[in-house]
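S.K.: quick one, what's the 3D model for this:
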Amino acid sequence: MTDWLLHTLVATSALMLLVLAVREPVRKRFGSRVAYGLWLIPVARLFMPTLTSTVERIVPAQAAPAQGSASIDFTPVAAAQWSLVESFGGWPTLLFALWLSVAAALFLTRLAAYLRDRRAILASSAEVERIGWVRILRSPEVASPIALGIVDRLIVIPADFERLYAPREQRLVLEHELAHHRSGDLVANLFAFVLLCLQWFNPLAWVAHAAFRFDQEAACDARVLDKVSAGDRADYGRAIAKAASGRALLFASALDRHHRLHRRLKSMLRNPRPGGTIAGKAIIVGGIAIALPLTASRAVDYIYVPAAPVAAVHQAAQSAELPVVPAVAHVVPSSAAVVAAVPRSASRAPSQMRFDDNLSINGDLITIDGQTKRWDQLTPAEKARVRASVAKARAEIANVRIDRDRIMRSVASIPDKAQFEKIRQDVARAQQNAAEAMRRVSLQRDELRKAGVDPSAIEAEVQEAMKAAQSVDVDAIQRSLAAADPAKISAELDGAQRSVEAARAELERLQARMDADPR
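M.R.: Numbers count the residues shown, from 1 in each chain. Okay, the predicted model is just below:
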C-alpha cells in the first residue's frame, strides 16, 4: 500500500507538471476546452491499478517437523521490548496517520467555511425564477453571479443585478453559470479539492489546482461563446469585467476574479482552428492511453510451487527458460532428518529435571538459585515458583507425541540404487540446463528488457540454481542413508517413548508431592 501511494504521488506529480507545461500551447492550437480536458490525464492515473506480473518459483517441499521430542527445555523466553514508536506501529504508520489527519482537517475546515457562507447567502436570498432544475436567487451577500450546489443547484445574483448588467449581458452571465451546472464543473471542483487535500504537502498540487480552476472558467467561456453571435462577444467580455469580484467560494464557480481577468479575456480572443476540438480530444485520449501504462505501478507476484519428485526445468521470464534444481531433499529423506526425529537423548528415564538455569529437581532434592533444599525447607516464594514451573512443564509435555508411523514411513522411503542413479542424472541435467539458460539470457538481453524483464535478475536466479545443483552430493547422501538401520531406529523410538512416559510420571509425582503440602 505504501509503495503504491508513493509511486502514485510521483507519477501524478509528473503528469501535473506535464499538463502545466503543455496547456498554453494546447489552448492556442486546440482551444480552451481541450486545455481543460488535459487535467483528465493525472486524474485517470489515480485509478490505474498496479500492473502485476506473475512468476512461478519451484521450491523444495518442506519436511514436516517432528511432532514429539523427549528433550524438555523449560527456559523462559524474555518478552520483546518495544520502543514507543514501535508500539504505535512504527514510523510508516505514524506518518500515514499524520498525512490523513492533515488532509481530513484541511477538507473539513474548508467545507465548514463553505457551508457557513452558503447559509449566509441563502438566509438573505429571494428566489427570482427557475430554469429547469436550477433556481435563480437574489442575495446582497454576493457581489457577482455565482453558481453553487451539486444536488440543490443554485445561481445567486447580486441585489443590483439589473443595474450592473445590460439585458444582453444579463442573459450571457446566466448562460455562463448554467453552463457550469450542465457540464458538472461543481462536481469536478469537489473532486479536485479532495485530491488537493490528499496532496496538501505537495507544492505542485497547489499550483495545479489554481491552473485547473482557471482552465475550467476558460472552457466555460468557450462553451458559451460557441453558441452566441459575433456581436455578443463584446457584451460577454464586458460582463466578465464587471463580474470580477475577487471572491470565490470553495466548490462554487464565480464568474471571475481580479487577478485572472486579463488572461481570461485574452483567452477568449483565441478561436481554435476548424476541426481542432476533435483532434484535441483525440490527443487527450491518446495521452491517457500512453501515460497510464508508462507511469503505472508495477509489482511481481511470486508463486511458490512445491517441487514434485525429481522436478524438471520450468520456464521463467517469458522467453528465457530457467532451470530449477531437482528437489532431492523431497525425494530422498535425509539421514539427519530421520535421526533428528528419533530423540536419542531421551532413550533413558530422566534422573534430573531441569526447568531453567536456576531451577532443577532430582528426586526429593530441589536446587534453586544455587542452593539444594528439600521441599519442606523452601520459602513460600520458592514453593510458588516451583509450582508454577511444574504446572507449565506438565502442560507442555502433555502435547509431546512421537509419530512413530511417520518416522518409519520416512525410513522405508529411502531410495534404492536405481533411484539414486536417476537422481544423479537429474542433478547433472539441471546443471546443463542452468548453463544453457545462462547462455540464452546473455543472447536475449535486449528482448528481455523490451518485455519488462531484468536480465540481471534472471542471471542471479540462474547462478543460484547452478550453485544449488553443484552443492548436491548424491554419493554422500547415499552413503549416509545406507547406514540407516530400521530395527535400530525402531528400538530407539521405543526408548524415546518410554522416556517421555517416565518424564510425565515424574512430573505427576512432583505434583502429588506439592498437593500434599498446600502451604
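S.K.: in the chain, which helix is the longest?
M.R.: The helix that spans the most residues within the chain, counting by DSSP state H, is helix 91-123.
S.K.: check which helices and strands that one is in contact with.
M.R.: helix 185-198 (3 or more CB pairs under 8 Å, 6 or more residues apart in numbering; DSSP states H and E). For glycine as for every other residue, the C-beta is placed from the backbone atoms N, C-alpha and C.
S.K.: give me the buried positions along the helix it packs on.
M.R.: 185, 186, 188, 189, 192, 193, 195, 196, 197, 198 (16 or more other CB atoms under 10 Å).
S.K.: state the mean pLDDT of whichever helix or strand comes after the longest helix of the chain.
M.R.: Using DSSP states H and E, the next helix or strand after helix 91-123 towards the C-terminus is strand 126-131. Averaging pLDDT along strand 126-131 gives 92.
S.K.: with stretch 388-408 instead?
M.R.: 82.
S.K.: and if you look at stretch 353-362?
M.R.: 82.
S.K.: ok, stretch 433-452 next?
M.R.: 78.
S.K.: now stretch 479-497
M.R.: 76.
S.K.: please identify the buried residues of the longest helix of the chain?
M.R.: Those would be 103, 107, 110, 114, 117, 118, 121, 122, for helix 91-123 by 16+ other CB under 10 Å.
S.K.: between these, which is closest to residue 212?
M.R.: Residue 212 lies nearest to residue 110 out of those, by CB to CB, at 15.9 Å.
S.K.: looks like that closest one contacts residue 196 (just checking).
M.R.: No: assessed by CB atoms under 8 Å, residue 110 is found out of contact with residue 196, at 9.6 Å.
S.K.: now, which of the buried residues of helix 91-123 sits nearest residue 53?
M.R.: Of the buried residues of helix 91-123, the one sitting nearest to residue 53 (CB to CB) turns out to be residue 103, at 32.1 Å.
S.K.: isn't the closest one up against residue 196?
M.R.: No: counting by CB under 8 Å, residue 103 does not reach residue 196; the two are 9.2 Å apart.
S.K.: domain assignment for this structure?
M.R.: Domain assignment for the chain by automatic domain parsing gives 1-75+273-306, 84-255, 307-331+408-484, 344-401+487-516.
S.K.: adding pLDDT and distance to residue 17, write the buried residues of helix 185-198 out as CSV.
M.R.: Shown next, in CSV, are the buried residues of helix 185-198 (pLDDT from 0 to 100; distance: CB to CB, whole Å):
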residue, pLDDT, distance to residue 17
185, 92, 24
186, 93, 27
188, 94, 20
189, 93, 22
192, 94, 17
193, 94, 20
195, 93, 15
196, 94, 16
197, 95, 20
198, 93, 17
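S.K.: closest to residue 157 among these?
M.R.: residue 186 (16.9 Å).
S.K.: give the closest residue to that closest one in space, chain neighbours not counted.
M.R.: residue 150 (5.3 Å; CB to CB, 6 or more residues apart in numbering).
S.K.: that neighbour: how many residues sit nearby?
M.R.: 12 (other CB atoms under 10 Å).
S.K.: quickly find the element holding it.
M.R.: Residue-wise, residue 150 maps onto no helix or strand under DSSP H and E.
S.K.: report pLDDT for it.
M.R.: 90.
S.K.: host element of residue 176?
M.R.: Applying DSSP H and E, one finds residue 176 within helix 167-182.
S.K.: and the contacts of that helix?
M.R.: 131, 134, 136, 145-147, 153, 155, 157, 161-162, 165, 186, 220-221, 223-224, 227-228, 232, 235-236, 238-239, 242-243, 253, 255 (CB atoms under 8 Å, 6 or more residues apart in numbering).
S.K.: quick check on those residues: which are buried?
M.R.: 134, 136, 145-147, 153, 155, 157, 161, 165, 186, 220-221, 223-224, 232, 235-236, 238-239, 242-243, 253, 255.
S.K.: wait, a strand at residue 360?
M.R.: Yes: Residue 360 sits within a strand when classified using DSSP: H, G, I helix; E, B strand; the rest coil.
S.K.: that one is in contact with residue 369, isn't it?
M.R.: No: shown here, residue 360 and residue 369 do not form a contact pair, counting by CB under 8 Å, at 11.0 Å.
S.K.: more neighbours: these two, which one.
M.R.: residue 360 (17 against 10).
S.K.: ok, the more buried one - contacts?
M.R.: Taking CB under 8 Å, 6+ apart, one finds 352, 353, 354, 366, 367 in contact with residue 360.
S.K.: ok, back up a step: my read is that the residue nearest to residue 186 contacts residue 185, right?
M.R.: No: taking CB under 8 Å as the definition, residue 150 is not a contact partner of residue 185, at 10.3 Å.
S.K.: so where's this protein shaky on pLDDT?
M.R.: For the chain, applying pLDDT under 70 flags the ranges 1, 56-83, 85-89, 244-262, 269-277, 302, 304-351, 452, 481-484, 518-519.
S.K.: how about a cut-off of 50?
M.R.: 61-79, 246, 307-350 (pLDDT under 50).
S.K.: that one: strands as residue ranges?
M.R.: Secondary structure of the chain, counting by DSSP state E: strands at 51-59, 126-131, 134-138, 146-148, 154-157, 253-254, 298-306, 314-316, 320-322, 353-356, 359-362, 365-368, 371-373.
S.K.: now, the most widely separated pair of the buried residues of helix 91-123?
M.R.: Between all members of the buried residues of helix 91-123, the farthest pair (by CB to CB) comes out as 103 and 122, at 28.5 Å.
S.K.: any chance of the buried residues of helix 91-123 in JSON lines, with distance to residue 385 too?
M.R.: As requested, the buried residues of helix 91-123 are arranged in JSON lines below (distance: CB to CB, whole Å):
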{"residue": "103", "distance to residue 385": "54"}
{"residue": "107", "distance to residue 385": "58"}
{"residue": "110", "distance to residue 385": "63"}
{"residue": "114", "distance to residue 385": "67"}
{"residue": "117", "distance to residue 385": "71"}
{"residue": "118", "distance to residue 385": "71"}
{"residue": "121", "distance to residue 385": "76"}
{"residue": "122", "distance to residue 385": "75"}
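S.K.: any idea which of these is closest to residue 392?
M.R.: Among the buried residues of helix 91-123, and counting by CB to CB, the member closest to residue 392 is residue 103, at 49.6 Å.
S.K.: what's the closest non-adjacent residue to that closest one?
M.R.: residue 197 (4.4 Å).
S.K.: is it true that the one you found touches residue 106?
M.R.: Yes: between residue 197 and residue 106 there is a contact under CB under 8 Å: 4.8 Å.
S.K.: what's near enough to touch residue 106?
M.R.: Counting by CB under 8 Å, 6+ apart, the residues that residue 106 touches are 197, 200.
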